Structures are given as C-alpha cells and as structure tokens.
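**Student:** Here is my input; please provide its structure:
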Amino acid sequence: MPTSPTNGLVLLAGLMLALSGCSSTRSAADPFTGSTRGTVSVTVQNGYSDDANIYSRQLSRLRRVGSVRAGGSERFQLDWNVRGPLQFEVRLPGGNRCLTNGTQVDPGDQILVSIHFGARRRVDGRMSLCEMRRSR
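**Tutor:** As a prediction, this is how the structure comes out:
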C-alpha cells in the first residue's frame, strides 16, 4: 500500500522531534577519551565601581571571556570539553585582580560570578572581591 504525502510529512516531523530531544548542552563523557563536550553558562554580576575584564582558568590555561560594565550583568557561554576545575580571574582598572575559588564544572552547569565593591568572606573562608557559585 503506497504511503500518502501527508503520512510521510507526519513521519518526518515525528522523527525530527524525536531527534531534537537527543541534543542538549549536557553530554556524557566520551568512552574513548574520557572528555566531555558541551557548554557552561556563566553570568557575571559586577557590583564594582569600574568595568571588569573576565578570564577563565582551565587547567592553567587563561582565556578571555569578556567584559562587564560597572554595576552591570552579562551572560556568557563557554565551550566545555576538559576535565578539571574552573576558576575565573577578574581584572579591574589600576592593576587590581581577583581570582575566584575553583570548582569542578560539568557541561550544562550554570555559574554565577559576583564582583563585590569591597572584600567579602567567600564560601571557602577567604576574603575576596569576587566569588563563584555553581548550580545545575
């Protein structure tokens, strides 16, 4: 029995819908290399009185993420395909720098980096202008 064009379109739409559910920002580890592939969402809230340049530190590799205006907030997406902790370095005018605490991050995680006007006690007990928090 021949298939009608309508049945073919319905079948194609169902197949596309099923396949779209397979893609995600969170992915499993590659069984051959142990690496993961995906993205990490980073929101930076700058409570400092000057603009800030943001860098990520992954396995001692420094990469520029972007900049955030004084009093502003920005969202960034980082490709994430390495194993190991993630840290952020915040560079402020006048040579001031701040390094967040490091934490293990997985694809699909959401990160909040807060830059404070004055030093505050972080979760790890250290005083700092900036801190990082992870959520899934």
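**Student:** buried sites along stretch 97-111?
**Tutor:** By neighbour count on 16 or more other Cβ atoms under 10 Å, the buried set for stretch 97-111 is C98, L99, T100, N101, V105, D106, P107, G108, D109, I111. The C-beta positions use only the backbone N, C-alpha and C, and glycine is treated the same way.
**Student:** can you count the residues close to L78?
**Tutor:** Counted by other Cβ atoms under 10 Å, the residues lying close to L78 total 19.
**Student:** for D124, same thing?
**Tutor:** Residues near D124, counting by other Cβ under 10 Å, number 11.
**Student:** Counting by contacts, list what the helix or strand where G66 lies packs against.
**Tutor:** Using DSSP states H and E, G66 sits within strand 61-68. The helices and strands touching strand 61-68, judged by 3 or more Cβ pairs under 8 Å, 6 or more residues apart in numbering; DSSP states H and E, are strand 38-46, strand 52-58, strand 73-80.
**Student:** Would you format the ones you listed as JSON lines with distance to Q87 and mean pLDDT included?
**Tutor:** JSON lines is the format used below for the helices and strands packed on strand 61-68 (distance: least, Cβ to Cβ, whole Å; pLDDT from 0 to 100):
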{"stretch": "strand 38-46", "distance to Q87": "12", "mean pLDDT": "94"}
{"stretch": "strand 52-58", "distance to Q87": "4", "mean pLDDT": "94"}
{"stretch": "strand 73-80", "distance to Q87": "12", "mean pLDDT": "94"}
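**Student:** And the ones you listed: which comes nearest L86?
**Tutor:** strand 52-58 (5.8 Å; Cβ to Cβ).
**Student:** quick one: contacts of the closest one?
**Tutor:** Residues outside strand 52-58 that contact it (Cβ atoms under 8 Å, 6 or more residues apart in numbering): 42, 44, 46, 62-68, 70, 76, 78, 82, 84, 86-92, 99, 102, 113, 115.
**Student:** Buried subset of those as a ChimeraX selection?
**Tutor:** The following ChimeraX line selects those of the contacts of strand 52-58 that are buried, judged by 16+ other Cβ under 10 Å:
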select :42,44,46,65,68,76,78,86,87,88,89,90,91,92,99,113,115
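**Student:** Neighbours of the nearest residue to R133 once chain neighbours are set aside, how many?
**Tutor:** Spatially, and ignoring its direct neighbours in sequence, R133 is nearest to L112 (4.8 Å; Cβ to Cβ, 6 or more residues apart in numbering). The number of residues packed near L112 is 15, by other Cβ under 10 Å.
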